[in-house]
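**Student:** Okay, sequence plus prediction incoming.
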Amino acid sequence: MQYVTLNNGLEMPQLGFGVWQVPDEEATPAVAKALEVGYRSIDTAKVYENENGVGRALEQSDISREDLFITTKLWNSDQGYENTLTAFDKSLERLGLDYVDMYLIHWPTPEFDDYVDTYKAMEKLYKDGRVKAIGVCNFNIEHLQRLLDECDVVPAVNQVECHPYLQQKELKAFCRKHNIYLEAWSPLMSGGDVLSNDVVKEMAEKHGKTIAQVVLRWHLQSNLIVIPKSVTPSRIEENFDVFDFELRSDEMDKMAELDRNHRNGPEPSQMNKR
């Protein structure tokens, strides 16, 4: 396992396990398998409706809490200062934990303009020691800039859609400048054709790896945090087996050329679902 150091000095596994779209009852065996394989970072959210299932897997595990990195997220309907504090308590209860390592705002929902007050509540949770790091998801540069201007704690991460067809180069540069780690969700481009791309396929054949492993390796070598998701045991193992090879600089250049600015998920400024 490789670790990155966040802007507050906290170490976080660079490769984590996501459970988006995993039903609650399936989350327990999936997380248990991920922990068995070697994952130590688990990423869930209130809106995934599987915090209970994740919590059951954590309770059944013999891995010490200090060796785990657990992230959950605040949903849009819970934004606002007091709502955030209440929602956090409920997430902790569902997870069966005394604290989480990372708490994230799921979307900025700028139409409602609650995300600054929401983040200030998360700053309180951080300062009270109930969260080891705080951050955001799906924030564009203008949303991040408001937090930098109006709040005290620089977000530790910004978790966004990122894959070879949506490389987020401008956002990456902004985050790098302000010491915010970019974390990739949908790193394999769910529902897309990255996994059938001939350029990546050729690299995979040369390295004796799968296309998915090459894409995950590209994320890691791009200094991103990455959280692939699967409920298939063999895929969970495959996605973790990415630390025994490296892409060459010319291969990284070829990956950079695949960028199409193609977004599968919502554009953050337009996502105002509650």
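**Tutor:** Nice, thanks for sending it over.

**Student:** In this structure N7 contacts V154, no?
**Tutor:** Yes - using CB atoms under 8 Å, N7 is in contact with V154, at 5.7 Å. Where you see a C-beta, it was placed from the backbone N, CA and C, and this is true even at glycine.

**Student:** Show me whatever sits in contact with both of the two.
**Tutor:** 179-180 (CB atoms under 8 Å, 6 or more residues apart in numbering).

**Student:** so who does H178 touch?
**Tutor:** 144, 148, 154.

**Student:** What about the second one? Give its phi and psi, please.
**Tutor:** Phi and psi for L148, reported as degrees, to the nearest 10, are phi -60, psi -30.

**Student:** where's it relative to N158, distance?
**Tutor:** 12 Å (CB to CB, to the nearest Å).

**Student:** Neighbour count: the two, which is higher?
**Tutor:** N158 (27 against 13; other CB atoms under 10 Å).

**Student:** Mind checking what secondary structure the more buried one has?
**Tutor:** strand (DSSP: H, G, I helix; E, B strand; the rest coil).

**Student:** That one pairs with what?
**Tutor:** For N158, the beta-bridge partners under DSSP bridges are V136, L182.

**Student:** correct me, but it touches N140?
**Tutor:** No - the pair N158 and N140 fails to qualify as a contact (CB under 8 Å) at a distance of 9.3 Å.

**Student:** hmm, back to that, could you export the contacts of H178 to TSV, including columns for pLDDT and distance to L247?
**Tutor:** Listed next are those as TSV, based on pLDDT from 0 to 100; distance: CB to CB, whole Å:
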residue	pLDDT	distance to L247
L144	98	29
L148	98	33
V154	98	30
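
**Student:** Among those, which one sits closest to Y99?
**Tutor:** V154 (20.3 Å; CB to CB).

**Student:** Could you verify that the closest one is part of a helix?
**Tutor:** No - in this structure, V154 is coil, not part of a helix, as judged by three-state DSSP.

**Student:** For it, grab the count of nearby residues.
**Tutor:** Neighbours of V154 using other CB under 10 Å come to 16.

**Student:** That one: what's it in contact with?
**Tutor:** Contacts of V154 (CB under 8 Å, 6+ apart): 7, 147-148, 178-180.

**Student:** What about these, which are in strands?
**Tutor:** Using DSSP state E, the subset of these located in strands is empty.

**Student:** Could you list which of those residues belong to helices?
**Tutor:** 147-148 (DSSP state H).

**Student:** I'd like the contacts of V154 as JSON lines, with distance to E267 appended.
**Tutor:** Below are the contacts of V154 laid out as JSON lines (distance: CB to CB, whole Å):
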{"residue": "N7", "distance to E267": "26"}
{"residue": "L147", "distance to E267": "19"}
{"residue": "L148", "distance to E267": "21"}
{"residue": "H178", "distance to E267": "22"}
{"residue": "N179", "distance to E267": "25"}
{"residue": "I180", "distance to E267": "20"}
